[in-house]
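A.B. asks: sequence unknown, structure follows:
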């Protein structure tokens with residue numbers, strides 16, 4: 001076990017870039033394995049991590065004028081500049097295959113290789129770019145509970161797909177621990193504050209209907 005754990009690459013704030021992919025009102029409706037409220041609150045937390053810790057962040061959407069719809073209004077409010085600069089894809093499912101998106105990520109990263117990624121849906125919009133970016137030498141961390149899939153089987157299959165390619169899976173709360181490291185530091189204090197406000201403070205709403213009391 002210790003030999004396996006020694007190979008894990010832990011992320012930090014200064015070397016990481018955050019990619020939020022297709023958090024659109026329509027794609028949210030495609031998710032059936034996780035409560036929508038949970039996806040929204042976890043996504044809000046990620047957006048605030050990026051904003052309040054000055055992490056580079058890029059938003060993208062696909063065919064906003066169709067069933068996918070616009071990006072969540074929460075992202076527009078929390079990250080107004082990133083929202084205006086979002087990459088609006090014409091329909092390419094694997095965002096990394098879109099030249100405009102790939103160029104935008106590379107420009108934003110500026111040589112950084114640690115990518116924190118989340119979006120809708122995990123089985124399509126996250127799985128494929130995660131695998132593609134791993135193949136090109138990026139270290140990819142997928143925040144699974146800031147997204148979802150049409151079924152639990154689809155989500156589980158997607159996770160196995162990107163993990164076989166070398167990406168690691170994490171949850172929002174665990175990401176806060178990994179990036180913040182120490183709650184007594186200014187950065188750690190900000191992260192735990194966001195977790196308390198966006199996640200812990202909404203647990204009853206987030207878990208309603210899934211058998212958690």
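C.D. replies: The structure has been received and is ready for your questions. This structure is a prediction, so every number in the text was calculated from the model and none was measured. Numbers count the residues shown, from 1 in each chain.

A.B. asks: what pairs with the residue nearest the centre of the chain across the strands?
C.D. replies: With the centre of the chain defined as its mean C-alpha position, the nearest residue by CA atoms, centre = their mean is residue 118, 1.9 Å away. For residue 118, the beta-bridge partners are residue 20 (DSSP bridges).

A.B. asks: was I right about it contacting residue 148?
C.D. replies: No - between residue 118 and residue 148 there is no contact under CB atoms under 8 Å: 10.4 Å. Any C-beta I mention is one placed from the backbone N, CA and C, and that applies to glycine too.

A.B. asks: low-confidence stretches in this protein?
C.D. replies: 1-6, 209-213 (pLDDT under 70).

A.B. asks: please list all residues in contact with the closest residue in space to residue 69 that isn't next to it in sequence.
C.D. replies: Distances taken as CB to CB, 6 or more residues apart in numbering place residue 26 nearest to residue 69, at 3.6 Å, with adjacent residues excluded. Residue 26 is in contact with 66-69, counting by CB atoms under 8 Å, 6 or more residues apart in numbering.

A.B. asks: measure residue 33 to residue 174 for me?
C.D. replies: Going from residue 33 to residue 174 by CB to CB, to the nearest Å gives 19 Å.

A.B. asks: mind listing what residue 37 touches?
C.D. replies: Residues in contact with residue 37 (CB under 8 Å, 6+ apart) are 202, 205-206, 208.

A.B. asks: residue 33 and residue 174: which has the busier surroundings?
C.D. replies: Higher neighbour count among residue 33 and residue 174: residue 33, with 17 against 13, using other CB atoms under 10 Å.

A.B. asks: helix/strand/coil for that one?
C.D. replies: coil (DSSP: H, G, I helix; E, B strand; the rest coil).

A.B. asks: how much space is there between the residue nearest to it when sequence neighbours are not counted and residue 31?
C.D. replies: Nearest non-adjacent residue to residue 33, counting by CB to CB, 6+ apart: residue 152, 4.4 Å away. Here residue 152 is placed at a distance of 11 Å from residue 31 (CB to CB).

A.B. asks: neighbour-wise, which of these two wins?
C.D. replies: residue 31 (22 against 12).
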